[in-house]
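> need a 3D model of the sequence below.
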Amino acid sequence: MTALTDSNSTQQVNVQNSDYLERFLDSLYLEQGVSENTLSAYRSDLDKFCLFLKGQNLLTVTAQNVEAYLAHRVDLGLKPRSTARSISALKRFYQYFVREKNIADSPMENIAQPKAGQTLPKTLSEVDVESLLAAPNITEPMGLRDKAMLELLYATGLRVTELVGLRMEQINLRQSVVFVKGKGNKERLVPMGEEAMYWLEQFLQGGRAQMIKHATDFVFPSKRGVGMTRQTFWHRIKHYAILAQVESPLSPHTLRHAFATHLLNHGADLRVVQMMLGHSDLSTTQIYTHVANERLKSVHEQHHPRA
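Purely as a prediction, here's the structure:
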């Protein structure tokens, strides 16, 4: 990369680069209706590239300049996902100027996106789950409700939204199944299991009647006697995690992830887990095999004499 030593030239090129950026961003806004947030992200990524160039004209950039910039980002320890976004911004920028016939070819033509890797879902160990499930005070109606909800969530892998929105007609106690209408109005039947079934019956026969202040068909009413929000239940989970001294990171889907991972750890078929989770694509479910494999590696390292 050729650094410009004349301060006036540098200033002139910087002004020119600024003009290029404005032309590109204006085209995104006027021709494609890109949002202000997206425009701001593009501007930020392109500004960082300009700073690295130290005054070099953006339209004289080569593939080698770009590769040096990407290597610089690696040296800084920036995440692949952030670099992938930066590459996308640069590709669109140079595609625009090729289309405008300001340059013949894009320096980004042979630049590949970095592999960002697959984000593994946060889950809990079986010991942590047992501690969490034992935390509610079942002598109180609200505690009994929360116990039934946690047991059902772990036994079925329901999404939190599906759980708090459950209506009485979706529960079949005789067959011990839950009828769920999930994303895209896709319907599925999920077995409850004995433990969840037991605690659900305990709540329906006792605590629920004490919590209802007026007619409602929600299975799990709030303390005001109406439907519960997913945010309220999420706060309840965090409360019980503190009581149970569960230090693993939690998310609203933690027990759903634990449900899938623990099933696979115990030999469940991936397609069966897919059906119970309500995933339309098997590849979405396959991420849990990575979690299960990580667990197997950990067990091997801890217990094998030659690990």
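> quickly find the element holding residue 14.
helix 7-32 (DSSP states H and E).
> tell me what that helix is packed against?
Judged by 3 or more C-beta pairs under 8 Å, 6 or more residues apart in numbering; DSSP states H and E, the packing partners of helix 7-32 are helix 36-53, helix 80-99. Where you see a C-beta, it was placed from the backbone N, CA and C, and this is true even at glycine.
> just name the most buried of these.
Using mean count of other C-beta atoms under 10 Å, the stretch among the helices and strands packed on helix 7-32 with the largest mean neighbour count is helix 80-99, at a mean of 17.
> following it, which helix or strand comes up?
According to DSSP H and E, the helix or strand after helix 80-99 is helix 126-133.
> in that following helix, which residues are buried?
128, 129, 131, 132, 133 (16 or more other C-beta atoms under 10 Å).
> repeat for stretch 216-227
216, 218, 219, 220, 221, 222, 227.
> which residues does it contact?
With C-beta atoms under 8 Å, 6 or more residues apart in numbering as the test, stretch 216-227 has contacts from 142, 145, 148-149, 163-171, 200, 203-204, 208, 211-214, 228-229, 232.
> so for that stretch, mean pLDDT?
Averaged over stretch 216-227, pLDDT sits at 85.
> from one end of that stretch to the other, what's the distance?
Using C-alpha to C-alpha, to the nearest Å, one end of stretch 216-227 lies 8 Å from the other.
> and the residue lying closest to residue 274 once chain neighbours are set aside, what helix or strand is that in?
Using C-beta to C-beta, 6 or more residues apart in numbering and skipping residues adjacent in sequence, the residue nearest residue 274 is residue 285, 4.2 Å away. Using DSSP H and E, residue 285 maps to helix 282-303.
> residues of stretch 17-24 that come out buried?
When burial is assessed from 16+ other C-beta under 10 Å, stretch 17-24 yields the following buried residues: 17, 20, 21, 24.
> how near is the last one to residue 221?
Looking back up the chat, that one is residue 24. Note on residue 24: its distance to residue 221, by C-beta to C-beta, to the nearest Å, is 54 Å.
> for stretch 23-43, what is the distance to the chain centroid?
26 Å (C-alpha atoms, centre = their mean, to the nearest Å).
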